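Participant: structural data only, the sequence is not supplied:
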């Protein structure tokens, strides 16, 4: 029952889908732990949108609708995190100044540039991915990108609790072996891509985690909701780039 409640809380926290039930407060503190499973649901919808849309419009337009679907579903939550992250980390000289900039609701030039590069690069990478693998690439990238939140939460302290909209979604005492349990949906990707190429996707997942964790530890000594949003978009972008390399579109 608790697992169902926390999954429903994840839907409330990370999408604009209304849930007509009252959920206990502790369900929301576990909401972030349901992101890998939520990634399967969102990725599955993306998969279906692309397949259906590609029957009635060009492949490029089908990709466009599949890519903007998660953004519309979340209200641009992760994209907003990426923009704030870029503004703060590139515009601030100290940890406190970086955090201050990330709190600013206005988007600066670094944020705009990050959105253009990541979103535009994602579209181009998918466009150059083989047609019969585009839907698989969409699903894999969505699952892995949402899953990266788990090890980040388990290895870095969450900063700026007071006044943060993400505060209520962060689990407490989330360390050690507990980090591995919410990642069980990753095991299901072996059904999606049952060959050695899946190892490369997991390798990219690990490398992105190590790089982002190191960067956050060095620059902030912790993380915020914006950092998690940026990690999701950067992991997604990296998976699209790998898909383009593994499944190059024939000329």
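Facilitator: Cool, got the structure. Not measured: the values here are computed from a predicted model. Numbering: from 1, shown residues only.
Participant: would you mind identifying the helix or strand in this protein with the lowest mean pLDDT?
Facilitator: Every helix and strand in the chain was compared by mean pLDDT, DSSP states H and E; the lowest is helix 25-29, with a mean of 82.
Participant: give the other helices and strands that it contacts.
Facilitator: When contacts are defined as 3 or more Cβ pairs under 8 Å, 6 or more residues apart in numbering; DSSP states H and E, helix 25-29 packs onto helix 2-14. C-beta here means a position set from N, CA and C on the backbone, and glycine is covered the same way.
Participant: now the helix it packs on: buried residues?
Facilitator: Across helix 2-14, burial judged by 16 or more other Cβ atoms under 10 Å covers 5-14.
Participant: and stretch 205-225, what's buried?
Facilitator: In stretch 205-225, counting by 16+ other Cβ under 10 Å, buried: 205, 208-209, 212-213, 216, 220, 223-225.
Participant: who touches residue 119 in this structure?
Facilitator: Counting by Cβ atoms under 8 Å, 6 or more residues apart in numbering, residue 119 touches 67, 79.
Participant: whoops, residue 34 was the one
Facilitator: For residue 34, the contact set (Cβ under 8 Å, 6+ apart) comprises 6-7, 9-10, 182.
Participant: low-confidence ranges in the protein?
Facilitator: Along the chain, the parts satisfying pLDDT under 70 run over 160-178, 250-251.
Participant: what are the boundaries of the helices in it?
Facilitator: 2-14, 25-29, 35-56, 59-74, 77-91, 95-103, 109-127, 134-147, 149-155, 189-192, 197-219, 225-246 (DSSP state H).
Participant: which other helices and strands contact the longest one?
Facilitator: For helix 197-219, the elements it packs on are helix 134-147, helix 149-155, helix 189-192, helix 225-246, judged by 3+ Cβ pairs under 8 Å, 6+ apart.
Participant: one step back: for the contacts of residue 34, which one is nearest residue 126?
Facilitator: residue 10 (25.6 Å; Cβ to Cβ).
Participant: how about that closest one: what's its closest non-neighbour residue?
Facilitator: residue 34 (3.8 Å; Cβ to Cβ, 6 or more residues apart in numbering).
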